[in-house]
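Trainee: Here you go, sequence then predicted model.
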Amino acid sequence: MKQLDMHSDFQDAMSGYVFCTTQHSPRNHNTNSSSQSLQLSDLLNAHTPKGSSSQAVLDQWLHALQHNADLYCNNNICTSQQLKDQVLQAITKNQDKPIIISQPNHQFKFIDLFAGIGGIRLGAEQNGGLCVFSSEFDKFAQQTYQLNHNELPFGDITKINAQNIPNHDILLAGFPCQPFSYSGKTEGFEDKTRGTLFFDVLRIMETKKPKFALLENVKGFKSHDKGKTMSIALNALDEIGYHTYWTILNSYDYGVPQFRERWYCIAIRKDIDNGKFEFPNNYDRTTTLKDIIEIDNDDNSLSLSNFEIERIKFHFDNYHLNERVEHDNSMYAPTTKKGKYGVYSYLKSDGALRFHVGDFAKTQIQEAFYTSLTTYAPTIIANRVPKLWDIQRKLSVLESLRLQGFNDDFKFNVSNTQAYKQLGNSVTVPVIQAILKNLFVLNLEVK
């Protein structure tokens, strides 16, 4: 594990934190002699799990101290409160002034699993939530997360002891869609889900018993393996004591011009569920790409290729002759689908231009899709950035950020390729915000 330079690393870590509203000074705590002799590096070595960085532990300790929250703590060594006292004392040794802790002002506490770049976190914070633990495996997503949230996430969630995670009111997780293995009806959730990352969601929920969980996945999760995957997931949540509510929501209904359907599930602990939760029922499709586009952006790297520009022009030069324009396919071998069935283009009623293999009488395989300023974008995914035929370019990183409902001040310190990938893997922030707002409208006690 990386050893911290206790001068430069500590000062860098502390630079983003402000402590206010006096509660107590760590010098006034009664601590034993062994805790007094501990250095911060000793504490980090003892409490950093495998698969995670000591910098992540330090960042999240400092965040917790700032908000007077519990620290991630190896409970085999000491209690969270004992660790807090030890960390405060160790920090004080590296500063001229005592650390001053703020009074809590959050509405609820949450953990952010499979955190990506923190889109779900932003939606929770907009509802008054305080993040007390975050985890993300991808190193490039970790960099973006740290840049914007001032903390490095923990790494491999499978190596995290659930008992060591701070208590929280709601678990947030955009978990990967993975097939479950099962052989018989008598198996419990541990047998059916072991080996998947959803198992780690379950073991944390079973151990920590949060009041709620918000889970997110691709739309296809509901039909994956003929519905068996979702059924096992919901039954597993029921088995550990949660009622579940799930639906498919479209980002296009929440003020962003993106047609993005995703599976969302709210799990409520059975002992507090009043059966009244309902997902938001927005239908705001007034926003178009024109509302998020920088028209004067002249970045040549965003431009469509000459091949794309030429065939778009060919479509509009000929679409008055036939609504489905046939393009030259002589460049393709006759044994290929494009060579055999041809390539056609079609301008949809909503202003999107679609290229497909085969005429209208054949099975149409979409080959390319171009949107326009007057309509919405297709789903942004990791390897596909929406393109516009009317301005002849793809979306910029900033425009893709807006497409997911992030604010313009969100920053990236990775390549554009990574930034597009991270946004494609993220959530649409306004959707998360709306779901959690509906959850807390129930007036359920979350503190």
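Mentor: Looks like it came in fine.
Trainee: only C-alpha atoms for contact and neighbour calcs from this point on.
Mentor: Noted.
Trainee: and the residue nearest to F279 when sequence neighbours are not counted, what pLDDT?
Mentor: Leaving out its chain neighbours, the residue that sits closest to F279 by Cα to Cα, 6 or more residues apart in numbering is I435, at 6.1 Å. I435 is assigned a pLDDT of 97 by the prediction.
Trainee: Buried residues of the helix or strand hosting I435, list them for me.
Mentor: Assigned by DSSP states H and E, I435 belongs to helix 429-440. Residues of helix 429-440 classed as buried: 429-437, 439 (neighbour count, 16 or more other Cα atoms under 10 Å).
Trainee: what packs against it?
Mentor: The elements that helix 429-440 packs onto, with contact taken as 3 or more Cα pairs under 8 Å, 6 or more residues apart in numbering; DSSP states H and E, are helix 119-125.
Trainee: export the helix it packs on as CSV, just CAs?
Mentor: Taking C-alpha atoms only, helix 119-125 is exported to CSV below (Å, rounded to 0.1, in the frame of the first residue of the first chain):
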residue,chain,number,x,y,z
GLY,A,119,-24.1,11.5,-11.0
ILE,A,120,-26.2,9.7,-8.4
ARG,A,121,-24.4,11.5,-5.6
LEU,A,122,-25.3,14.9,-7.1
GLY,A,123,-29.0,14.0,-7.3
ALA,A,124,-28.8,12.9,-3.6
GLU,A,125,-27.0,16.0,-2.5
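Trainee: Make 328 the starting number, not 1.
Mentor: OK, 328 is where the count begins now, so the last one is helix 446-452.
Trainee: which parts of that helix are buried?
Mentor: For helix 446-452, burial by neighbour count (16+ other Cα under 10 Å) applies to 446-452.
Trainee: Among the residues you listed, give me the pair with the biggest separation.
Mentor: Using Cα to Cα, the two most remote members of the buried residues of helix 446-452 are G446 and E452, lying 10.0 Å apart.
Trainee: which neighbours do those two share?
Mentor: Among the neighbours of G446, none is also in contact with E452 (Cα atoms under 8 Å, 6 or more residues apart in numbering).
Trainee: any idea which of the buried residues of helix 446-452 is closest to A660?
Mentor: Nearest to A660 out of the buried residues of helix 446-452 is G446 (Cα to Cα; 44.5 Å).
Trainee: Hmm, the closest one is touching T755, no?
Mentor: Yes: in this structure, G446 is within contact of T755 by Cα atoms under 8 Å, at 7.0 Å.
Trainee: shared neighbours of the two, anything?
Mentor: Common neighbours of G446 and T755, counting by Cα under 8 Å, 6+ apart, are F733.
Trainee: any idea how far the residue of the chain positioned farthest from its centre is from D439?
Mentor: Within the chain, the residue lying farthest from the chain centre (Cα atoms, centre = their mean) is L648, at 46.3 Å. Using Cα to Cα, to the nearest Å, L648 is found at 54 Å from D439.
Trainee: Quick one: the strands in this structure, in order.
Mentor: For the chain, applying DSSP state E gives strands covering 435-440, 456-461, 497-500, 539-545, 569-577, 588-596, 651-654, 670-674, 680-684, 692-697, 714-715, 720-721.
Trainee: Can you list the strands that the fourth one pairs with?
Mentor: The reference is to strand 539-545. Applying DSSP bridges, strand 539-545 is found paired with strand 497-500 (parallel), strand 588-596 (antiparallel).
Trainee: any low-confidence regions in the stretch 328-477 of the chain?
Mentor: Residues of the stretch 328-477 of the chain that meet the criterion pLDDT under 70 lie in 328-365, 421-429.
Trainee: Can you mark which positions in stretch 651-663 are buried?
Mentor: Buried positions in stretch 651-663, judged by neighbour count with 16+ other Cα under 10 Å: 651-653.
Trainee: List of residues touching it?
Mentor: 638, 642, 645-646, 665-667, 669-674, 686-687.
Trainee: Looking at these, which is nearest T615?
Mentor: Within these, proximity to T615 (Cα to Cα) peaks at L674, which comes in at 17.3 Å.
Trainee: Name the nearest residue to that closest one, ignoring sequence neighbours.
Mentor: Computed as Cα to Cα, 6+ apart, the closest residue to L674 that is not its neighbour in sequence is L680, at 4.5 Å.
Trainee: so who does the one you found touch?
Mentor: Counting by Cα under 8 Å, 6+ apart, L680 makes contact with 672-674, 696-698, 716.
Trainee: same check, this time on E543
Mentor: Contact analysis of E543 by Cα under 8 Å, 6+ apart lists 500-502, 589-592.
Trainee: got a pLDDT number for it?
Mentor: E543 is assigned a predicted lDDT (pLDDT) of 96.
Trainee: That one pairs with what?
Mentor: Bridge pairing for E543 (DSSP bridges) gives the partners Y591.
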